[in-house]
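Novice: Got a sequence here, can you model it:
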Amino acid sequence: MIASRSNATSLPRWRVWLIAVRPRTLTTSTTPIMVATLLAWQQQVVSPGLTLLMLIASVMTHAGCNFTIDYFDSIRGVDSVQTHGPGDMLRAGLITSDDLRRAITISFTLALLAALPVMISIGWIVLVIASSLLALPFSTPQGHTRLPTTAWARPGVFLAMGVAMVCGTYYVHAGTVTGTAFALSCSIGLYAAAILHANNTRDAEVDRPRGKITLANMLGRTAAVREYALLVLMPLLVALLVLPLALRVTRLLEHCQTVAECNSAIPQSAQLHMKYAVLVGFGLVIMRISGQ
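Specialist: A predicted model of the protein is given here:
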C-alpha cells in the first residue's frame, strides 16, 4: 500500500521506485514462465539457464510497461481523479518525467539483453513472442492509450500473458507445444484476464465519463460480475482447491459499493492467479516425482 501524501516525501529513494514498479503486479508476468517450466521439468526437458533469462526479461519488460503506462497516463491527465490503486509516483511529485523516461529505457534494455541469448539459442519464434508482449501496452488505436481502458484489453491479456507466455516458455524448453501446455496456457490466461476485469469493474463508474470504454462499463455491474465468475471458475476444473477464493472475490465484486470496497478485488484476483498456478505446479511436481 502506498504511503499517504503527507509522509510520501519521507520515503527513501529505493522505496519510491519499488512502489512505482508495482511489485504486486509482477506475478502476472512470472507465473506463466514458472508454470510452463514446471511442466517442462515434469517431462524432463527443462533448461534452468534459459528459465532465469526468461524471468529477467519478463520482469524487466513488465516493469518497463508499468513505467510507460504511468508516464503517458500522467502527461495525458488520465487517472488524475482516481486516488485508489498502488499510486503514481510521477503524479505525487516523487519521480520526474525524465526519471521515468530513463527507467523505461533501462528496463527495456535489460529485458532485451536477457532475451538475446534465448533468441540466439532458440530462434526467431522467441522474438515474435517477445515483440507481442512488448507491444501489449501500445496496441490500442490511440497509440499511447493504456490497454486496460479498452474493450480489447482482456483478449490481449489472455493471449499475451497466458497463451503466448506459457506456450512460448514451454517451446523454449521442449522445442514444441503440446496440448497440455496449450490447455494450461488458457487457464493461466483466464486468470490474468480476471485481474484486469476486476480492475475495470472497480473503475466502471469513473471510466465512462472520462471516455474509457471497457466491457465492464459497457455491460453494467451485473453482467460484468457474471463474466468475472466465468473467467475465474472455468479453470477450476484443474485446481478445485481455489474455488472458495474464486467465489469470495466474485461475491465481493458483486456487492461492493465504493471504490475502496471494490479495490481489494484486484489483489485478491492476483492472489487467485498465483494460487492456481502454485497448485498446478505442485501437481506437476508430484507427477514428476511419481514418474508419471
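Novice: what phi and what psi does the backbone show at Leu90?
Specialist: phi -70, psi -50 (degrees, to the nearest 10).
Novice: Contacts only, for it.
Specialist: 20, 70-71, 74, 96-97, 99-100 (CB atoms under 8 Å, 6 or more residues apart in numbering). All C-beta spots, glycine's among them, are computed from the backbone N, C-alpha and C.
Novice: Pull out the buried residues from these.
Specialist: Among the contacts of Leu90, those classed as buried by 16 or more other CB atoms under 10 Å are 20, 70-71, 74, 99-100.
Novice: Throw those residues into a markdown table and include distance to Thr27, thanks.
Specialist: Converted to a markdown table, the buried ones among the contacts of Leu90 look like this (distance: CB to CB, whole Å):
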| residue | distance to Thr27 |
| --- | --- |
| Ala20 | 17 |
| Asp70 | 19 |
| Tyr71 | 23 |
| Ser74 | 25 |
| Asp99 | 25 |
| Leu100 | 23 |
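Novice: Nearest to Arg91 among these?
Specialist: Distance to Arg91, by CB to CB, is smallest for Ser74 among the buried ones among the contacts of Leu90, at 5.5 Å.
Novice: from the buried ones among the contacts of Leu90, which ones fall inside strands?
Specialist: Among the buried ones among the contacts of Leu90, no residue falls in strands (DSSP state E).
Novice: Using pLDDT, spot the least trustworthy of those.
Specialist: Confidence by pLDDT is poorest for Ser74 among the buried ones among the contacts of Leu90, given 69.
Novice: Do I have it right that Leu159 meets Cys186?
Specialist: No: using CB atoms under 8 Å as the test, Leu159 is too far from Cys186 to be in contact (9.9 Å).
Novice: Show the contacting residues for Val163.
Specialist: Applying CB under 8 Å, 6+ apart, the residues near Val163 are 182, 185-186, 189.
Novice: Quick check: ChimeraX command selecting the buried ones in these.
Specialist: Command for ChimeraX that selects the buried part of these, burial taken from 16+ other CB under 10 Å:
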select :185,186,189
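Novice: which one of the contacts of Val163 is nearest Leu116?
Specialist: Ser185 (24.2 Å).
Novice: Look up how far Ala20 lies from the residue lying closest to the closest one once chain neighbours are set aside.
Specialist: Spatial nearest neighbour of Ser185, chain neighbours left out: Val166 (3.4 Å); criterion: CB to CB, 6 or more residues apart in numbering. The spacing between Val166 and Ala20, counted by CB to CB, to the nearest Å, is 28 Å.
Novice: ok so, going back, just checking, the residue nearest to Ser185 touches Val35?
Specialist: Yes: the pair formed by Val166 and Val35 meets the contact definition of CB under 8 Å, at 6.3 Å.
Novice: hey, what's in contact with both of those two?
Specialist: 184, 188.
Novice: more neighbours, these two?
Specialist: Val166 (29 against 25; other CB atoms under 10 Å).
Novice: ok, back up a step: what is the nearest of the contacts of Leu90 to Val232?
Specialist: Asp70 (27.4 Å).
Novice: Report the contact partners of the closest one.
Specialist: 20, 88-90, 100.
Novice: and these as a markdown table, adding distance to Gln44?
Specialist: Formatted as a markdown table, those follow (distance: CB to CB, whole Å):
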| residue | distance to Gln44 |
| --- | --- |
| Ala20 | 40 |
| Asp88 | 45 |
| Met89 | 44 |
| Leu90 | 47 |
| Leu100 | 44 |
